[in-house]
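**Student:** Got a predicted model here, sequence first, then my questions.
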Amino acid sequence: MKLGDVVGLIRTQHSKEEIKSSIAKALDLINFKPKGRVKVVDIKPNLCYYWHSSTGSTTDPLVVGGIIDCIRERYGDDVHIRVVEADATAMRTKHAFLMLGYEKLAKEKNVELFNLSEDELREEKSCVNGVEIRFQVPTSLFKSDLFINVPKLKTLSETKFSCALKNIYGCIAYPKKIVYHSVLHEAIVGINKIIRPHLTIVDGIVALGKYPTKLGLIMASRDPFSVDWVAAQIMGFNPSKVKFLKIALKENVGNLEGLEIQGENIAVFQKYFPKVGFFSSKQWWNTLYSLFLFYIRLSDDVIPPMLEK
């Protein structure tokens, strides 16, 4: 059973030098050391759509650039580094790389951009909560000496929030990931049973809650579940009530034993994260929709009289 890990919290400013320094501090804080030689590195940002990083929706290329600089300083200039992403239902990786600044970053840092949906694929299956789920997974990820998960810190109506575990869901090579939405929580846990990053570094510089905010946070841990358990608390959620985290505990993808926070006090970030209230949540809109359907059945009318005035 995988035990929980140290989660490092570092405050940072939005500049190349400060971000690189903060990433280095975070790695030292969690005492990160690869198990073997580092010659091939894959970095997976969150490029779920074409929204600029200033919206809090996608990973800032400055964070990925800082990670690249840290890798070369620690493991040498001859390390082969790829920035990887997979196509999604409403996003094509080649367009995201261009529009979100990653083509420019690749030229500046001399790294490869790679679409996981164009990789050699193999089918893997995972049983979660009694549900068997099949995935098309990119084989090259399993050959990486160091696979770094670089998610965003953001709320998401379907799962309450998106961070480390959800970003690995983005590694599924099959573009139409909407096919998993009926078992989304199980699919998130299932793919994390198969694909395990060696390191997670969270871009919380601009975080997305009720609205985007400059949170100035870098998080780091070897364990994505531990990251998500802490991230949930920062965003104002009780992690024990988040469905995919509950399933992850049940399926031994995560464990609370040994989980600890180092660095900044979590309360610093909890205070400033723009929490999503009930009246802006999916639960509230679902409640309104249910009441609306009930009204139609009860009155045989579509629009309530008070809305027609």
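**Tutor:** Nice, I can see it.

**Student:** wait, isn't Thr89 in contact with His181?
**Tutor:** No - with contacts counted by Cβ atoms under 8 Å, Thr89 stays clear of His181, the gap being 9.3 Å. In short, each C-beta sits where N, CA and C put it, glycine included.

**Student:** Please parse the protein into its domains.
**Tutor:** Structural domains annotated on the chain: 6-275, 277-309, as defined by automatic domain parsing.

**Student:** Tabulate these (a markdown table), appending mean pLDDT and mean neighbour count.
**Tutor:** A markdown table is the format used below for the domains of the chain (pLDDT from 0 to 100; neighbours: other Cβ atoms under 10 Å):
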| stretch | mean pLDDT | mean neighbour count |
| --- | --- | --- |
| domain 6-275 | 97 | 19 |
| domain 277-309 | 52 | 10 |
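
**Student:** Tell me the spacing between Lys154 and Ala232.
**Tutor:** Distance of Lys154 to Ala232, given as Cβ to Cβ, to the nearest Å: 12 Å.

**Student:** Need the overlap of contacts for the two.
**Tutor:** Phe161 (Cβ atoms under 8 Å, 6 or more residues apart in numbering).

**Student:** which element follows the helix or strand harbouring Ile261 toward the C-terminus?
**Tutor:** Element membership for Ile261, per DSSP states H and E: strand 260-263. Later in the chain than strand 260-263, the nearest helix or strand by DSSP H and E is helix 266-272.

**Student:** got the contact list for that next one?
**Tutor:** 9, 11, 204, 213, 215, 217, 230, 233-234, 236.

**Student:** These: which two are farthest apart?
**Tutor:** Longest distance between any two of the contacts of helix 266-272 is 19.0 Å, between Arg11 and Gly236; criterion Cβ to Cβ.

**Student:** secondary structure class for Val38?
**Tutor:** Following DSSP: H, G, I helix; E, B strand; the rest coil, Val38 is assigned to coil.

**Student:** so it sits right up against Leu146, yeah?
**Tutor:** Yes - with contact defined as Cβ under 8 Å, Val38 reaches Leu146; the gap is 5.1 Å.

**Student:** any shared contact partners between those two?
**Tutor:** With Cβ under 8 Å, 6+ apart, Val38 and Leu146 have common neighbours 71, 75.

**Student:** ranges for the strands of this structure?
**Tutor:** With DSSP state E applied, the chain shows strands at 6-11, 40-45, 80-85, 112-115, 121-128, 131-138, 146-150, 152-156, 160-162, 199-208, 212-221, 260-263, listed in chain order.

**Student:** and Gly56, which of these is closest to it?
**Tutor:** The nearest among the strands of the chain, by Cβ to Cβ, is strand 199-208 at 3.0 Å.

**Student:** what inclination does the closest one have with respect to strand 152-156?
**Tutor:** Angle of strand 199-208 versus strand 152-156, following axes from the mean of the first three to the mean of the last three Cα atoms, to 10 degrees, is 60 degrees.

**Student:** Parallel or antiparallel, list what pairs with strand 199-208.
**Tutor:** Paired with strand 199-208 in the same sheet, following DSSP bridges, are strand 146-150 (parallel), strand 152-156 (parallel), strand 212-221 (antiparallel).

**Student:** Show the residue spans covered by the helices in this structure.
**Tutor:** Here the chain has its helices, by DSSP state H, at 16-29, 61-75, 93-99, 102-109, 164-169, 184-194, 224-234, 243-250, 266-272, 282-299, 305-308.

**Student:** Rebuild those as CSV, extending it with distance to Lys177.
**Tutor:** Shown next, in CSV, are those (distance: least, Cβ to Cβ, whole Å):
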stretch, distance to Lys177
helix 16-29, 29
helix 61-75, 22
helix 93-99, 13
helix 102-109, 20
helix 164-169, 7
helix 184-194, 8
helix 224-234, 18
helix 243-250, 15
helix 266-272, 29
helix 282-299, 18
helix 305-308, 37
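
**Student:** Nearest to Leu208 among these would be which one?
**Tutor:** Closest to Leu208 of those, according to Cβ to Cβ: helix 224-234, at 12.1 Å.

**Student:** List the contacts of that closest one.
**Tutor:** For helix 224-234, contacts defined as Cβ under 8 Å, 6+ apart pick out 2, 4-7, 9, 149, 151, 153, 160-161, 163-165, 168, 192, 196-197, 200, 202, 204, 217, 219, 221, 238-239, 242, 245, 248, 253-256, 259, 261, 266, 269-270, 273.

**Student:** Looking at the helices of the chain, spot the one closest to Lys44.
**Tutor:** Closest to Lys44 of the helices of the chain is helix 164-169 (Cβ to Cβ; 6.5 Å).
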